[in-house]
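Chemist: sequence and predicted model, in that order:
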Amino acid sequence: MSSLLDSLSLRLDDLSDPRIATFMEEHLQDMRATSPPESVHALDMDQLRRPDIRFWTAWLPDATEPAPGRLVGTGALKHLSADHVELKSMRAAESLRGLGVGRAILEHILGQAVDLGYQRISLETGTLPFFEPAHQLYLRYGFTDCAPFGSYQLDPHSRYMSRTL
């Protein structure tokens, strides 16, 4: 497992690689399959390209794939205010879940949020059992439940979490 993560490369991405669109469409399909339409807050490709979003991709070397290799994860930050940012679009490839890809992406993005001067990071995730691995990851990294933030409203299908940086 450590050799897998040792070869993982993360990069701030411009979303131009068509493999990202495919990866994110799978993300949207999962969200639509596990939450009612009004409770799906995942961003589509146009939303991810907005200037208030920074988007990272995680890649593993793969001789069968064009450079930079195989896309295995994503994550983004959405600017909310001068000191508050939202974690968005966290996803690890299904075949690699539980092997530390999500953890590596989260650690990278938390470091980037600090470097960018943010003092708080919040997120919205689902409440169904599908989301339990994500809940456990966020809890391990110091996130705690909070009230809806930004434009979110109380929703029984959404769990809101936050932490200071």
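Modeler: Thanks, I have the structure now. Quick caveat: nothing in here was measured; it's all calculated off a predicted structure.

Chemist: look up how far Q47 lies from D6.
Modeler: Computed with CB to CB, to the nearest Å, the distance linking D6 and Q47 is 33 Å. For every residue, glycine as well, the C-beta is placed using N, CA and C.

Chemist: let me fix that, I meant to ask about H157.
Modeler: In this structure, H157 lies at 20 Å from Q47, with CB to CB as the measure.

Chemist: and the residue nearest to the spatial centre of the chain, what does it touch?
Modeler: Ranked by distance to the mean C-alpha position of the chain (CA atoms, centre = their mean), the top residue is M90 at 1.6 Å. Taking CB atoms under 8 Å, 6 or more residues apart in numbering as the contact definition, M90 lies against 74-75, 102, 105-106, 123, 134.

Chemist: now do the SS call for it.
Modeler: The three-state label given to M90 by DSSP: H, G, I helix; E, B strand; the rest coil is strand.

Chemist: what segments of the protein are strands?
Modeler: Counting by DSSP state E, the chain has strands at residues 9-12, 53-60, 70-79, 84-92, 120-126, 144-145, 158-164.

Chemist: quick check, pLDDT for the nearest residue to S122 once chain neighbours are set aside.
Modeler: With sequence-adjacent residues excluded and distances taken as CB to CB, 6 or more residues apart in numbering, S122 is closest to S162, at 4.0 Å. The model reports S162 with a pLDDT of 98.
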